[in-house]
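J.: how would this look folded up:
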Amino acid sequence: MICMVVLASLACVYTFGTTKTRAVLKDPQVSPRQMGNYLAGKVSKKNKKSVKTKKTETVYIELNGDGSNKSVVVSDVLDPKGKDPIVDESFLQDIKNLKGSEKYTREDGKLTWENKGKSITYQGMTDAKPPIEVSISYALDGKDISAKDLEGKSGELQIQYKFKNNAKTKGHDFVPFVILGGFILDNETFSNVAIDNGKVADYDESKIVLGYSVPGLDNYLHKTFKDAKEYLNKIDLPDQFTISADVKDFTMSMGLIVATSNIGDFNIKDSIDLSNIKSKIKQLQDGADALVDGANQLSDGSQKLANASPKIKNGTSDLHSGLKKIKKGAKKNHKGNKKFHKALNKGLSDAKSGAKKLDDGAKELAKGAKSVDDGAKKVDKGAGDLDSGSKKLSNGVEQIINGFEKQGGINDGSKALKNGAKDANEGVKKLIDLLQKTPSSMDQQIEDIMSQVKQASGGSITTQAQLNGLIEGINSAVKGGTALEDALAAQGLNANTYYSLLQAYYSIKTLNNVKESMSNLISSHASEIKDLSDGMDSLENGSSSLVDGLNQAYLGLNSVGQGASSLEQGTGELKNGTGTLSKGTASLKSGANTLSSGITTIYSGVKVMTIQIGKASPQLVSASGTLAKAIKEACDGSKTLADGTATFCNGIDTLADGTKTLRDGAQKLNDEGIRKITSLFGDKGEKAIDKVQNLLDAGSSYKAFSGISKDMDGQVKFIYKTPEIGERE
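T.: Reported below is the predicted structural model:
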């Protein structure tokens, strides 16, 4: 919206580079007044057709060398409506009717003119200061110099034209003015010509220099739109322009500077609908907030999961350590059973040959029983360690599942992330669609202008080509020396219709240029726009995949939880069994000692015992071997479980780090990107539009310099003539 305010001035700088404009400025038959009016027509906009009497005012200011006013002459044209006398207001002195015979009477600052149904052109003088104050300064070879001392000098010259805007109207403390200056510099005197805010064009043996300025607008916009300073600093809205050149035997012909406040005549709110934009901006901010909340919840949940993972890792490690101890005890138990079997067979064999050998065998039996008892105690201790580890594993898995299921946990956070990514993607796509539709809206404006052209021409002009041919034909005739009034008469046009068509001609050219620039901008950034859209699609798809992955992880954890519960129950039963085994081996040791002390008594039953024990002993050896093998397999499996759990815990740590990075990135995107955009626009968009419209209204409200009746429409432009310096051959 702010850029629209200066669109007219920027368009003028490039428009004046045409051969046609240079020809008009160069033509020696064109008077300073005609040149001024021509330049003014480039930067002013004609008022819409009105039923009121119209006052068109041109203020001619002749400047001294330093830019101060030498004289001020005002020319007014009254276009009457109806047949009643024309009541005008003016503070001018020495008023003269320049074209007609109408007379006027003056009373209390009001002029009452006779109305003969024709336009009245009158002229007057005043000492009042125009609203735009001009100052001109000169520097030769880096040193200040006055205009009168410059004549005939040579060197590096800089001429600065600086402007101060003092314009005010009722209800507006600032009135925007667009200023355009035109100068013709001959190549014999000037070389290496440049201008900081404008354009230099070659023509025959001269250079045409055009400068522009919008004094006071930059300061006004910075004070009015404080939230947009970052963007306003990128826009160049100068209050001066400086011409630099190398000069030889310096002389300079007069230059012309035109100022007008009529930079816009339209209602922004009728052309722009802010409601949808505001809605989408809110959706964008809500989506970004949801993304940040979801990322925070996901990060918190993954951190809790990471905090619980050491317990899982420690539990499986303890389980493996306990089974290693059981494995060792079972191996010793198997060896003890093998020794027991060997000793028992030897004792039974020796019992037949004598009591002494039976006694020796009983001692060996006691020794084997002790080994069995030691092994059983170790098995019992290992089973206790295994039972403790399985309980820790079960508790750790339960904490992880709680991290998924509780309110605000991983499940809720991942869903919020998915929804936030989806909302953000929709907001970006709608914003891109709005940008791509902008050029077509300019086509509609061109069609509206052509409708006005058709109406103004009585239906004789219906296409842009017809309009271009008519205007360019008239301009060519004027260039060839034909008076403007004669050229218009040849086309059957009056001045009002011609200016209306001329305004439409340049308005359409400006809109076409802006449309082309906008289309080129969209085209040149198509890949970035597509990358943004594709990136948002990837973010939405990635967040959906993350939710699915977390659901699978949740199901897997439930299975681990069930297995951990079963493992806890089994290790409890195993511990009970090893306790019973330990008690039994203790009894076995005691019985072996008793056997050794009472061997003589039981010698008579040795044959019976030999038969019974001979059958049971191989079974005991075989069972202990099977037990040792099973415990070894359980120990190997617990190692695999411990290694897998360590890998699982590392994955959880990686997940926690990744979600933290996601959370930080989402927060940065919201704080430095989305929130910055929405805070700039937010609910201030409509207020900004009101301020821009107020600025345009201020320009349109400045209708006259010398005074105007409230019953009139008015338009005013100021033409400043800079002095000639030195005599030209």
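
J.: what mean pLDDT does stretch 366-373 get?
T.: Confidence over stretch 366-373 (mean pLDDT, whole number) is 70.

J.: an error on my part: the question was meant for stretch 494-508.
T.: For stretch 494-508, the per-residue pLDDT averages 87.

J.: same question, stretch 221-239
T.: In this model, stretch 221-239 carries a mean pLDDT of 83.

J.: show me which residues of it are buried.
T.: 221, 224, 225, 228, 232, 237, 238, 239 (16 or more other CB atoms under 10 Å). No exception for glycine: its C-beta is placed from N, CA and C like everyone else's.

J.: tell me which of the residues you listed is nearest to residue 214?
T.: residue 237 (5.1 Å; CB to CB).

J.: residues in contact with that closest one?
T.: Contact analysis of residue 237 by CB atoms under 8 Å, 6 or more residues apart in numbering lists 6, 214, 217, 218, 221.

J.: could you redo the last one with a cut-off of 6 Å?
T.: 214, 217, 218 (CB atoms under 6 Å, 6 or more residues apart in numbering).

J.: mind checking how far the residue nearest to it when sequence neighbours are not counted is from residue 611?
T.: Leaving aside its sequence neighbours, residue 237 sits nearest to residue 218 (CB to CB, 6 or more residues apart in numbering; 3.9 Å). Between residue 218 and residue 611 the distance is 119 Å, computed by CB to CB, to the nearest Å.

J.: tell me which of the two has more neighbours.
T.: Counted by other CB atoms under 10 Å, residue 218 and residue 611 do not tie: residue 218 has more neighbours, with 17 against 10.

J.: how far does the host helix or strand of residue 513 sit from its chain's centre?
T.: Element membership for residue 513 (DSSP states H and E) is helix 495-524. What separates the centre of helix 495-524 from the centre of its chain is 30 Å, taken as CA atoms, centre = their mean, to the nearest Å.

J.: what comes up buried for it?
T.: In helix 495-524, counting by 16+ other CB under 10 Å, buried: 497-508, 510-511, 514-515, 518.

J.: also stretch 446-454?
T.: 446, 449, 450, 452, 453, 454.

J.: now do the SS call for the first one.
T.: In other words, residue 446. The local conformation at residue 446, judged by DSSP: H, G, I helix; E, B strand; the rest coil, is helix.

J.: which residues touch it?
T.: Here residue 446 is in contact with 508, 511 (CB under 6 Å, 6+ apart).

J.: find me the pLDDT at it, would you?
T.: 89.

J.: give me the distance between it and residue 562.
T.: The gap separating residue 446 from residue 562 is 73 Å, by CB to CB.

J.: just say helix, strand or coil for residue 708.
T.: coil.

J.: touching, it and residue 714? I think so.
T.: Yes. With contact defined as CB atoms under 6 Å, residue 708 and residue 714 form a contacting pair (4.6 Å).

J.: which neighbours do those two have in common?
T.: What both residue 708 and residue 714 touch, as defined by CB under 6 Å, 6+ apart, is the set residue 55.

J.: for residue 101, what are phi and psi?
T.: phi -110, psi 10 (degrees, to the nearest 10).

J.: count the neighbours of it for me.
T.: A count of nearby residues for residue 101, using other CB under 10 Å, gives 8.

J.: next one: residue 90
T.: For residue 90, the count of nearby residues is 24 (other CB under 10 Å).

J.: residue contacts, it?
T.: Neighbouring residues of residue 90 by CB under 6 Å, 6+ apart: 111, 706, 707.

J.: same check on residue 723?
T.: Taking CB under 6 Å, 6+ apart, we find residue 723 in contact with residue 65.

J.: swap in residue 133?
T.: Here residue 133 is in contact with residue 164 (CB under 6 Å, 6+ apart).

J.: cool, the one 4 residues further on as well?
T.: Remark: with contacts taken as CB under 6 Å, 6+ apart, residue 137 is in contact with residue 160.

J.: same check on residue 529?
T.: Neighbouring residues of residue 529 by CB under 6 Å, 6+ apart: residue 432.

J.: just the C-alphas of stretch 711-721, formatted as PDB.
T.: Taking C-alpha atoms only, stretch 711-721 is exported to PDB below (Å, rounded to 0.1, in the frame of the first residue of the first chain):
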ATOM      1  CA  ASP A 711     -19.000  24.700  -4.500                       C
ATOM      2  CA  MET A 712     -16.200  24.100  -6.900                       C
ATOM      3  CA  ASP A 713     -14.000  21.200  -7.800                       C
ATOM      4  CA  GLY A 714     -10.300  22.200  -8.200                       C
ATOM      5  CA  GLN A 715      -6.900  21.100  -9.300                       C
ATOM      6  CA  VAL A 716      -3.600  22.900  -8.900                       C
ATOM      7  CA  LYS A 717      -0.100  22.500 -10.100                       C
ATOM      8  CA  PHE A 718       3.100  24.500  -9.500                       C
ATOM      9  CA  ILE A 719       5.600  25.300 -12.200                       C
ATOM     10  CA  TYR A 720       9.000  26.700 -11.100                       C
ATOM     11  CA  LYS A 721      11.300  28.300 -13.700                       C
END
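
J.: may I see the buried residues of it?
T.: Judged by neighbour count (16+ other CB under 10 Å), stretch 711-721 contains these buried residues: 712, 713, 714, 715, 716, 717, 718, 719, 720, 721.

J.: which SS class is the closest residue to the fifth one other than its chain neighbours?
T.: Taking CB to CB, 6+ apart, and ignoring the residues beside it in sequence, residue 716 has residue 57 as its nearest neighbour in space, at 4.2 Å. When the structure is reduced to helix, strand and coil (three-state DSSP), residue 57 reads as strand.

J.: the one 10 residues further on now?
T.: At residue 67, secondary structure determined by three-state DSSP is coil.

J.: same question for residue 174.
T.: coil.

J.: isn't it up against residue 218?
T.: No. Residue 174 is beyond contact range of residue 218, at 11.5 Å (criterion: CB under 6 Å).

J.: what is in contact with these two at once?
T.: Common neighbours of residue 174 and residue 218 (CB under 6 Å, 6+ apart) do not exist.

J.: in which helix or strand would I find residue 163?
T.: strand 155-165.

J.: do residue 87 as well
T.: Residue 87 belongs to strand 86-89, assigned by DSSP H and E.
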